[in-house]
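Trainee: Fold the following and give me the result.
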Amino acid sequence: MNCRIVLVLIGMLALVALLSYSLGTSVAQDGEPPPAGGGNPSESDEPTQPVDEPEPVVYEVENPEAVIPSSFSYQGQLKKSGTPVSGSCDFIWDIFDVVGGGASLATDSDAAVAVSNGLFTVQIDVPGSVFDGRRLFLEIQVRCPSGPGIYTTLTPREPLYAAPFALGLRLLILDLMCAITAS
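Mentor: Have a look, this model is predicted:
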């Protein structure tokens, strides 16, 4: 849905809300419409009571990171000398914007990941702000068995595709929510 359609829909919703509000305030509290001719309530013999105006609804998001998670799933197959690994392994995950070299943009780690017949699944949790449209790569370091010892860096780095980049859209959504509530 493009921005023009979103703005038209927001405008239509605002118009409906305004019409509903003005129709609601033109009805007296007992449910009767105002006198014909738009009579002035101060000319009536009956005392009038003020109409309660509805409280505005304000949505606050104290911690956007808690609302929309920044983790993504990663499934892999781990082999050592061509043979699938089984057991418990430690992993370090680094995000880079270059295929080789460079500085890590974000890091996560998982200890004692269960690997069965070479297969494993983890949730990699890095700040969503890393996914800003750049081409990114995942560097994986592994230590098997889990525990003390040296990590082995797997090569080449894995390119990251569409699903993790969708996390960057949450920033746009939060900006849009803030712009709507601020107006």
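
Trainee: got the contact list for the nearest residue to T152 once chain neighbours are set aside?
Mentor: Of all residues not flanking T152 in the chain, V142 sits nearest, at 5.7 Å (Cβ to Cβ, 6 or more residues apart in numbering). C-beta: built from backbone N, CA, C; applies to glycine. Contacts for V142 (Cβ atoms under 8 Å, 6 or more residues apart in numbering) come out as 78, 89-92, 151-152, 154.

Trainee: measure V142 to G133 for me?
Mentor: 29 Å (Cβ to Cβ, to the nearest Å).

Trainee: what do you get for D90?
Mentor: Distance of D90 to G133, given as Cβ to Cβ: 31 Å.

Trainee: Which one's more surrounded, these two?
Mentor: D90 (19 against 7; other Cβ atoms under 10 Å).

Trainee: which stretches of this structure form helices?
Mentor: 3-25, 64-67, 162-165, 169-182 (DSSP state H).

Trainee: Lowest average pLDDT across those helices?
Mentor: Per-stretch mean pLDDT for those is lowest at helix 3-25 (a mean of 44).

Trainee: And the lowest mean pLDDT element among the helices and strands of this structure?
Mentor: helix 3-25 (a mean of 44; mean pLDDT, DSSP states H and E).

Trainee: For the closest residue to Q75 other than its chain neighbours, which residues are in contact?
Mentor: Closest residue to Q75 apart from its sequence neighbours, by Cβ to Cβ, 6+ apart: T121 at 4.7 Å. T121 makes contact with 73-76, according to Cβ under 8 Å, 6+ apart.

Trainee: and the nearest residue to A114 once chain neighbours are set aside, how many neighbours does it have?
Mentor: Using Cβ to Cβ, 6+ apart and skipping the chain neighbours, the partner closest in space to A114 is S88 (6.2 Å). By the criterion of other Cβ under 10 Å, S88 has 15 neighbours.
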